[in-house]
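*Asks:* no sequence on this one, just coordinates:
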């Protein structure tokens with residue numbers, strides 16, 4: 001995380017990458033079976049949206065502990081999204097190739113979120 005202040009949550013690279021993941025999930029879930037509309041499609045989309053929603057909400061928080069809490073919720077939502085995509089792959093709703101692309105996005109987002117959380121944690125709990 002850089003020292004210069006981002007102008008908005010949309011300018012955060014972690015939000016931009018998360019937003020692209022959400023768009024990709026919406027695109028791919030259009031092809032899921034109709035009987036999954038209120039099942040895995042709904043859950044997967046909700047989990048993915050939660051990633052960026054919590055980044056946006058955390059961005060606006062003044063206290064570092066609040067910021068960290070929202071970024072941590074975003075990390076949890078990322079794991080939940082990954083879980084649903086593993087299930088989607090195993091049920092053959094998405095191809096192995098599509099899953100690998102998502103896996104690459106997960107890895108990148110996880111690194112970015114970890115970096116933000118580490119920086120905020122270091123500010124809250126500096127080493128003595």
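*Replies:* Alright, I've got the coordinates. Computed from a predicted model, the values in this text were never measured in an experiment.
*Asks:* and residue 55, what element?
*Replies:* Taking DSSP states H and E as the criterion, residue 55 maps to helix 40-60.
*Asks:* Moving C-terminal from that helix, which element do we reach first?
*Replies:* Downstream of helix 40-60 (by DSSP H and E), the next one is helix 64-90.
*Asks:* ok, so what distance separates the most centrally placed residue in the chain from residue 107?
*Replies:* Nearest residue to the geometric centre of the chain (C-alpha atoms, centre = their mean): residue 51, 3.5 Å. For residue 51, the distance to residue 107 equals 14 Å [C-beta to C-beta, to the nearest Å]. The C-beta positions use only the backbone N, C-alpha and C, and glycine is treated the same way.
*Asks:* And the helix or strand that contains residue 116, what's buried?
*Replies:* Taking DSSP H and E as the criterion, the element that holds residue 116 is helix 96-124. By 16 or more other C-beta atoms under 10 Å, the buried positions in helix 96-124 come out as 98-99, 102, 105-106, 108-109, 112-113, 116-117, 119-120.
*Asks:* for this structure, which spans come out with low pLDDT?
*Replies:* Where the chain drops to pLDDT under 70, the residues are 1-5, 128.
*Asks:* on that earlier part again, which strands and helices sit next to the helix holding residue 116?
*Replies:* helix 13-29, helix 64-90 (3 or more C-beta pairs under 8 Å, 6 or more residues apart in numbering; DSSP states H and E).
*Asks:* before we move on, the earlier item: CSV for the buried residues of helix 96-124, including distance to residue 57?
*Replies:* Converted to CSV, the buried residues of helix 96-124 look like this (distance: C-beta to C-beta, whole Å):
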residue, distance to residue 57
98, 29
99, 29
102, 24
105, 21
106, 21
108, 21
109, 17
112, 17
113, 14
116, 14
117, 15
119, 18
120, 14
